[in-house]
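Asks: pasting a predicted model and its sequence here:
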Amino acid sequence: MEEDVTVKPLTLRIQDLNPHIVCSLCAGYFIDATTITECLHTFCKSCIVKYLQTRKHCPSCNVKVHETQPLLKLKLDIVMQDIVYKLVPRLYEKEQARQKIFYQTRGLHLGHVRPDRSAEQSFDQLARPAPTLHRGHFYCFDKQVSLRIEPSSNDAELPKILQKFVRCPVRTRALQLEKLLRRKLLLPPTRELEILCSGMVLDQDTPMKKLMVITAYDEKEDIPILLNYRLKKQ
């Protein structure tokens, strides 16, 4: 007779994980997590770059990073950053709001900021001036996310689009998807669309990165995030 074994879910407190996801330089959660390849200690990008401007050793273990160019031994840790955003509630939203205020106070626009490159590139390459790119190529270095776009079940006025699967950069915003749908559906300018995720109407400025955090999107499985669209009530 087989014994009935009930597996209880494992519960972790965020404070138990803090030693692994908090930057020792600023005592805050990792933002743009960056790892020293010589010892694999991780810090915020801005913290470790500023620290290595005057020092050559890791602040955690004191190992020498590089004799003359320590930034060459830094790598963006995208996986760690995604883990932090998923573990810490609303951290991603707060960081986006902070960046928006930062650029607005300096008369800049987030769309003009050079995108992060792959973690495989060195900080020496990132420090070089960015080449002038065509306006349509701003997001060409971003990670990609898969979407499945369907009409809302309670909106019989709208047909299904022929190509419902979309793969786009994580910085793509709901407004850009709305413009794409309007062209596909041949909607007149007087009719407005709403895009929904899990029944929640998305603000036009909502980036797909936020949806990845909300839905716990798994990049390895790459199961598309379901989005619905409907006509906005007039």
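Replies: In hand now; what should we look at? Residues are numbered from 1 along each chain as shown.

Asks: strands of this protein, residue ranges please.
Replies: For the chain, the strands defined by DSSP state E occupy 33-36, 42-44, 74-76, 144-151, 165-169, 193-197, 200-201, 225-231.

Asks: wait, which of those strands is closest to residue 178?
Replies: Residue 178 lies closest, by Cβ to Cβ, to one member of the strands of the chain: strand 193-197, at 5.1 Å. All C-beta spots, glycine's among them, are computed from the backbone N, C-alpha and C.

Asks: send over the closest one as PDB, restricted to the C-alpha atoms.
Replies: In PDB, the C-alpha atoms belonging to strand 193-197 read as follows (Å, rounded to 0.1, in the frame of the first residue of the first chain):
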ATOM      1  CA  LEU A 193      -9.000  50.300 -29.000                       C
ATOM      2  CA  GLU A 194      -8.300  49.000 -25.500                       C
ATOM      3  CA  ILE A 195      -5.700  46.300 -24.900                       C
ATOM      4  CA  LEU A 196      -6.100  44.000 -21.900                       C
ATOM      5  CA  CYS A 197      -3.800  41.600 -20.000                       C
END
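
Asks: how far does that strand sit from its chain's centre?
Replies: 20 Å (Cα atoms, centre = their mean, to the nearest Å).

Asks: now it against strand 144-151, angle please.
Replies: Strand 193-197 runs at 120 degrees relative to strand 144-151, counting by axes from the mean of the first three to the mean of the last three Cα atoms, to 10 degrees.

Asks: partner strands of strand 193-197 and their direction?
Replies: Strand 193-197 has these partner strands in its sheet, going by DSSP bridges: strand 200-201 (antiparallel), strand 225-231 (antiparallel).

Asks: may I see the buried residues of the helix of greatest length in the chain?
Replies: Ranked by residue count under DSSP state H, the longest helix found in the chain is helix 91-105. Neighbour-count burial for helix 91-105, counted by 16 or more other Cβ atoms under 10 Å, picks out 91, 92, 96.

Asks: of the strands paired with strand 193-197, which is nearest residue 190?
Replies: Nearest of the strands paired with strand 193-197 (Cβ to Cβ): strand 225-231, 10.7 Å.

Asks: send the alpha carbons of that closest one over as CSV?
Replies: Presented in CSV, the C-alpha positions along strand 225-231 are these (Å, rounded to 0.1, in the frame of the first residue of the first chain):
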residue,chain,number,x,y,z
ILE,A,225,1.6,36.2,-23.0
LEU,A,226,-2.1,36.4,-23.9
LEU,A,227,-3.4,39.9,-24.7
ASN,A,228,-7.0,40.8,-25.7
TYR,A,229,-8.3,43.8,-27.6
ARG,A,230,-11.7,45.4,-27.7
LEU,A,231,-13.4,48.6,-28.8
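
Asks: how about residues contacting it?
Replies: 145-155, 157-158, 177-178, 181, 191-198, 202, 208, 211-212, 215, 217 (Cβ atoms under 8 Å, 6 or more residues apart in numbering).
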